[in-house]
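the following block contains a protein sequence and its predicted model.
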Amino acid sequence: MILPPALKHRRFTLLWAGLMISIAGSQMQLWALFWHIRTLTDSPIAISLIGLVRFLPILVFSLIGGLVADIYDRRKILFITQTTAMLVAFALALLTAAGAIQLWHIYALTAIQAVALSFDMPARQALTPNLVPRADLPNAFSMNSIAQNVGAIVGPALSGVVISTLGQEYTYLINAISFLAVIAALALMGPVEQMVNEEARRRGINLGAIRDGVRFIASRPIILSSMILDFFATFFSSANTLLPFVARDVLHVDVIAYGWLSAAQSIGSVTAALIISQRVALRRQGALLLGSVAAFGLATILFGFSQAFALTMLALILIGAADAVSTILRNTIRQLQTPDGMRGRMTSINQIFFAGGPQLGEIEAGLVAEALGVPFAIFSGGIGCLLAAGFIAMRWPQLRGYNGDEATAL
């Protein structure tokens, strides 16, 4: 295995390594949070409400966050957002250790973290093309996927171990400490040059500059269709918040097994991302994107029908692998087709689709689970994902025919 091209660039490598550590902590906290809520209530909708709490701040602040990433220093923005997320994790740890935590505390702190994420994601994704040459950008997004999913394997797997041996509050404390890895990486990399849209900077935070980003997306069918595909596929196939109920009530396994189930998707994701990172070029990217979403739906159907631990693990691994291929392709297509001065706004609009699909989908899954049961909520979502992929393929033939070597944005 050769060294991936993106890791030959020091500043990218620093951020990549820091994010891998931080993501492990964040994923440990997320899955521990689901388990924590399950211990406080028997209602599936109570866990699924986390999706709504995470999405509403993104809906309100994401477009502003994208504009901020286009007119201000992206590295400094990340200092602020990562520090905010660290303080939220410390607050969760203190409240839990004191035995004072209630559901409303979890919802309120999750909302604060989501506000920070509204500014963090546009700045972070728009920063990546400033750290590597254009030729290495697809590989950089593949490596980012690996960092995301290695962290998402380690974090959930540790969550069950930490909860059972040290206590719930330590999952939050360890996550708080993990943010120091990203903060240190940002400090070590030094200033990063970026192309600033001077007109947008002169106008400052205003609706006109935000509308420019919306018009840009609307004028690019490849980008627009990939965003809509992302939204509907994840809306129908999102059922992560139901996993504690699958573990306890369908599979009848303990918290350690739950931790491995939580990590299963990321095992598939990191495997797929490693394979893609060794590819010099990917062709027929549009068809591959649509195929990966269809595979995502099929694996979700298998997940819904499974009543055995091993088969559920396999289904979740396949879901993760398909999702990784889809994510890498979507990010590469969008970033290469967007000028640097517009990348923050493009990413912020995409964040609404990217976050809105799964977060609102968790609400939908919770409501269906309350009415018709957890298995039905999961496999019916997989069917909805397949129908969505078919509709997008028919509605936007430009996406079906996208190869990946078309002219890119300047």
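Alright, I've got the coordinates. Quick caveat, the model's predicted, so the values are computed rather than measured.

for residue 27, helix, strand, or coil?
helix (DSSP: H, G, I helix; E, B strand; the rest coil).

ok, it - how many residues close by?
27 (other CB atoms under 10 Å). Where C-beta positions appear, they are placed from N, C-alpha and C, glycine not excepted.

correct me, but it touches residue 147?
No: contact criterion CB atoms under 8 Å: residue 27 and residue 147 do not qualify, at 11.4 Å.

pLDDT below threshold where in the chain?
Scanning the chain for pLDDT under 70 picks out 1-2, 44, 47-48, 194-209, 238-239, 277-282, 340-341, 355-356, 359, 404-410.

list the contacts of residue 323.
By CB atoms under 8 Å, 6 or more residues apart in numbering, residue 323 lies in contact with 265, 268-269, 292, 296.

sort out for me which of those are in strands.
Under the assignment DSSP state E, those contribute nothing to strands.

what about residue 347, helix or strand, and which?
helix 343-372 (DSSP states H and E).

surely residue 292 meets residue 322?
Yes: using CB under 8 Å, residue 292 makes contact with residue 322 at a distance of 4.8 Å.

counting neighbours, go ahead and name the busier of these two.
Neighbours per residue (other CB under 10 Å) separate residue 292 from residue 322, with residue 322 holding more: 27 against 22.

how is residue 3 assigned, secondary-structure-wise?
coil.

how far away is it from residue 403?
27 Å (CB to CB, to the nearest Å).

now do residue 46
Taking CB to CB, one finds residue 46 at 46 Å from residue 403.

which one of the two is surrounded by more residues?
residue 46 (17 against 11).

ok, that one - contacts?
So residue 46 contacts 37, 40, 103 (CB under 8 Å, 6+ apart).

out of the residues you listed, who has the most neighbours?
Most surrounded of the contacts of residue 46: other CB under 10 Å gives residue 37, at 20 neighbours.

now do that residue against residue 96, distance only.
On the measure of CB to CB, residue 37 and residue 96 end up 12 Å apart.

kindly report the same for residue 368.
Applying CB to CB to residue 368 and residue 96 gives a distance of 30 Å.

elements contacting the host helix or strand of residue 81?
For residue 81, the host element (DSSP H and E) is helix 74-97. Packed against helix 74-97 by the contact rule (3 or more CB pairs under 8 Å, 6 or more residues apart in numbering; DSSP states H and E) you find helix 10-40, helix 103-131, helix 168-189.

counting neighbours, what do you get for residue 105?
14.

skipping its backbone neighbours, what lies nearest residue 386 in space?
Using CB to CB, 6 or more residues apart in numbering and skipping residues adjacent in sequence, the residue nearest residue 386 is residue 297, 4.1 Å away.

the residue lying closest to residue 384 once chain neighbours are set aside sits in which helix or strand?
Excluding its sequence neighbours, the residue lying closest to residue 384 (CB to CB, 6+ apart) is residue 236, at 3.1 Å. For residue 236, the element it lies in under DSSP H and E is helix 221-237.
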